[in-house]
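[1] Generate a structure from the sequence data that follows.
(chains A and B)
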Amino acid sequence: MRQRGNVLRPGAVGTGGAVLVLLLGACASGGAGGSVDRLGSPAPTVAGVGPLTPSGGSVNATIAPTDGPEGARGRLALRTYQDWWQAQAEAFGRTDSDGSALEAYSSGRALSDALVGLRQLRDAKLVMTGTPRNSAVVKAIDLKADPQTAVIEDCVDLSDWHRVDAVTRTAKDPADRLNRYVATASLRWFQEHWLIYDFKREVDRTC
Amino acid sequence: MLNSRKPAQRFVVVASLSAGLLLSSAVTATADEPPGAGAETCSPSVICTHAGTGGSTGSTTGPSQGGGGSGGDGGPQVCSFHGAQWACYDPALGYFNSDVGCYFRPKDPQPPEGDGAWEGHKPSEGSVYDKVCPQTDGGLGGLQTQFVSNAAGATPVIDLTVQAKLLVGRMAFPAPKAGLAPKDTAVVKAPVWLWAEGMVAPKPSTLAVPGASVTVTAQLDGMTWDFGQGMTVDCATAGTPYDPKYGDAKSPDCGYVFTTGSGTRQGGVFSGTVTAHWRAHVVITGPNAKTFDIDMPRGADFALKVAEVQVLN
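    Coordinates of the predicted model:
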């Protein structure tokens, strides 16, 4: 049985390993059909990113087909998205990450934003600790486009994911930080795998 | 915002790659400590109201040599152009040239000699690249094609780590082709064999420059089969192709037993995916020796009909 969370490199288990919480087993159900919560059993759904049940009906009202070829590719898109969050949680939780693991899942602005953030955290000697939670669904998928595209809508809850001093572990959250918001991720099929190229925070929407 | 802390270690040679890039085995630049990069800077962007990565640290110019950027300390490699910051390497776009503010990725395969993309040059004189220039609003410009000469001084110095990633990006990691037995209709509670065809790792790739080298080896780090409905299985290997001599035995290394049929699914089949978890192992020798791995997942689709009850003769 292969261990999920293959972004964990040999030798990568260090201080940051503490944030890599393996959530084994099926995650709690919740969210609309096609939610990532339904994936991954018996394998763990995601490592390091916890499931979340949206509190209202403001997101995930309509979703892409969960069956057939679109559903299959959509599940891959969700897996990529969750792996990307896991890779972010791991990278931002370490002081010695170069963020290369993110290149397996992201491109364009999504990759650059993450690397710039990682650079800023590193320079300021800060890390993220805790667990980001979410509840993602495939909102749209187009297998006829060239390249193929997918859109994932998510309710992101970062209230248990905090910025701290890398040494003293004292809280260093920015004043204008977000705790919970609707996000939309855009993906393209590139060289037989999905890449997230854009991640938009819709801070005026609640979930 | 960039300075050169280790300029003495830089050297430039003509690459042996057909891409004809110039190489630097050493770090070209490292970032200054961004003023005020403490608690008042909102990062990472996923916890912030505003993205703020376009020039958020006040960078105004890129390094003198394209492709360089902050990251010489082992941290993330970020390049700057006109105040906006971009990943120095992007898996889909290539390397970032901070002199012109564009990503370059060698076309693979290169166009045939005489093609207009060569702009009248011979293949021996350089390479043809896909070029994408990000916009200041964060979007990506359209794809262009550009010939880049091999001539000294015509091409940027590329950090060796970025160069290694470009080398990995040019290696052909095969996508899996799903093999299933029974092939047409499986039956619940009966073992199904799973294997992926074409899982031959690309040959090792090397790049040698005076005083430094890059070696990339590829290995398969397992497969993930996903049938939908929460049915997934991870296998450590590509699996064993079924042969009638095995009878009704289980696969020795990669199989699945369905507990439900596919009759209620779209088209009466399980629409599944199989992902090959390829991993590139990179070894860089020389003044900035290091090793690292790059995940190169490749996925494919398949459909499998699973009957609830086996019809007995």
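[2] From residue B:274, how far out is residue A:50?
    Counting by C-beta to C-beta, to the nearest Å, the separation of residue A:50 from residue B:274 is 27 Å. In this view, the C-beta of every residue, glycine as well, is placed from N, C-alpha and C.
[3] just for chain A, where's the confidence low?
    A:1-49, A:53-61 (pLDDT under 70).
[4] in it, which spans are helices?
    Secondary structure of chain A by DSSP state H: the helices cover A:68-92, A:108-123.
[5] Can you tell me which of these is nearest to residue B:248?
    helix A:68-92 (27.8 Å; C-beta to C-beta).
[6] tell me the contacts of the nearest residue to residue A:159 once chain neighbours are set aside?
    Leaving aside its sequence neighbours, residue A:159 sits nearest to residue A:179 (C-beta to C-beta, 6 or more residues apart in numbering or on different chains; 4.4 Å). Taking C-beta atoms under 8 Å, 6 or more residues apart in numbering or on different chains, we find residue A:179 in contact with A:157, A:158, A:159.
[7] swap in residue B:93?
    By C-beta under 8 Å, 6+ apart, the contact set of residue B:93 is A:107, A:108, B:103, B:105, B:130, B:132, B:140.
[8] try residue A:170
    Contact partners of residue A:170, counting by C-beta under 8 Å, 6+ apart, are residue A:164.
[9] what's the distance between it and chain B?
    10 Å (C-beta to the nearest C-beta, to the nearest Å).
[10] That residue and residue A:162, how far apart?
    10 Å.
[11] coming back round to it: and residue A:50 and residue B:274? Which one has more around it.
    Neighbour count, other C-beta atoms under 10 Å in any protein chain shown: between residue A:50 and residue B:274, residue B:274 has more, with 29 against 21.
[12] what helices or strands is the helix or strand hosting that one leaning on?
    Residue B:274 is part of strand B:270-285, with elements assigned from DSSP states H and E. Judged by 3 or more C-beta pairs under 8 Å, 6 or more residues apart in numbering or on different chains; DSSP states H and E, strand B:270-285 is in contact with helix A:68-92, helix B:160-169, strand B:191-197, strand B:212-228, strand B:290-307.
[13] Okay, now stretch B:200-208: how far is its last residue from its first?
    One end of stretch B:200-208 to the other measures 25 Å (C-alpha to C-alpha, to the nearest Å).
[14] next one: that stretch to chain centre, how far?
    15 Å (C-alpha atoms, centre = their mean, to the nearest Å).
[15] ditto for stretch B:251-260
    With C-alpha atoms, centre = their mean, you get 31 Å for stretch B:251-260.
[16] That stretch and chain A, are they touching?
    No: Stretch B:251-260 is not in contact with chain A by C-beta under 8 Å from any C-beta of the partner chain; minimum separation 10.3 Å.
[17] which non-adjacent residue is nearest residue B:105?
    Among residues not flanking residue B:105 along the chain, residue B:94 sits closest, at 2.8 Å (C-beta to C-beta, 6+ apart).
[18] Might you report the residue contacts of the one you found?
    Contacts of residue B:94 (C-beta under 8 Å, 6+ apart): B:103, B:104, B:105, B:106, B:129, B:130, B:132, B:166, B:169.
[19] of these, the lowest pLDDT goes to which?
    Taken together, the contacts of residue B:94 show their lowest pLDDT at residue B:106, with 90.
[20] Which single residue in chain A comes nearest to chain B?
    Using C-beta to the nearest C-beta, the closest approach of chain A to chain B is made by residue A:117 at 3.0 Å.
[21] Give me the neighbour count for that residue.
    Neighbours of residue A:117 under the rule other C-beta under 10 Å: 29.
[22] correct me, but it touches residue B:44?
    Yes: counting by C-beta atoms under 8 Å, residue A:117 does reach residue B:44; the two are 3.0 Å apart.
[23] Residues that sit against both of those two, list them.
    residue A:92.
[24] Tell me who's in contact with the closest residue to chain A within chain B.
    Minimum separation of chain B from chain A (C-beta to the nearest C-beta) falls at residue B:44, amounting to 3.0 Å. Taking C-beta under 8 Å, 6+ apart, we find residue B:44 in contact with A:88, A:92, A:113, A:114, A:117, A:118, A:120, A:121, A:128.
[25] now those as TSV including distance to residue B:123?
    Formatted as TSV, the contacts of residue B:44 follow (distance: C-beta to C-beta, whole Å):
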residue	distance to residue B:123
A:88	41
A:92	44
A:113	37
A:114	37
A:117	41
A:118	38
A:120	42
A:121	44
A:128	47
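[26] Nearest to residue B:179 among those residues?
    Residue B:179 has its nearest neighbour among those in residue A:88, at 34.7 Å by C-beta to C-beta.
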